[in-house]
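> give the three-dimensional model of this entry:
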Amino acid sequence: MPHITANDLKTKGIAAIEAILQDHTEAIVSVRGHARFVVMELDHYNHLRECELEAALAESRADVTAGRFVDGSADAHVARLLADD
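You can find the predicted model right below:
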C-alpha cells in the first residue's frame, strides 16, 4: 500500500491524496516515519462498511440457526447483564 507523509499533506494538501488514489484504493499516512492513518475514497469506505455489516448479519443468522440466542424482554436482558457483574 502506498504511503503519504504528513509533510506531503502539509505542502501538497489534498492533491497528494488524490494523486495516490488515482491508482490505489487506499493509502497510508505516516507521521514521523510511523504509519498512523489510512485514507480512501468515501465510496470505498462505504463498501467496506457494507461488507462489515453483511458479515455481522451472517454471523447473527448463524447464531439463530444454531440456537445461540435468548428470547426475552429488555428488562430480563438487563437483569442478566447485571447478574454477570
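> all strands for the chain, in order.
Remark: strands assigned in the chain by DSSP state E are 3-5, 26-31, 34-40.
> turn the ones you listed into CSV, including mean neighbour count and distance to residue 54.
From N, CA and C alone the C-beta is placed, and that goes for glycine too. Listed next are the strands of the chain as CSV, based on neighbours: other CB atoms under 10 Å; distance: least, CB to CB, whole Å:
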stretch, mean neighbour count, distance to residue 54
strand 3-5, 16, 30
strand 26-31, 16, 20
strand 34-40, 12, 18
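> export those to JSON lines and tack on mean pLDDT and distance to residue 51?
Formatted as JSON lines, the strands of the chain follow (pLDDT from 0 to 100; distance: least, CB to CB, whole Å):
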{"stretch": "strand 3-5", "mean pLDDT": "95", "distance to residue 51": "24"}
{"stretch": "strand 26-31", "mean pLDDT": "97", "distance to residue 51": "14"}
{"stretch": "strand 34-40", "mean pLDDT": "97", "distance to residue 51": "13"}
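> what stretches of the protein score poorly on pLDDT?
Counting by pLDDT under 70, the chain contains no low-confidence range.
> nearest the geometric middle of it, what residue?
Closest residue to the average C-alpha location of the chain: residue 49 at 6.1 Å, with CA atoms, centre = their mean.
> if we can go back for a sec, need the strands of the chain in a markdown table (columns: distance to residue 16).
Listed next are the strands of the chain as a markdown table, based on distance: least, CB to CB, whole Å:
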| stretch | distance to residue 16 |
| --- | --- |
| strand 3-5 | 5 |
| strand 26-31 | 9 |
| strand 34-40 | 10 |
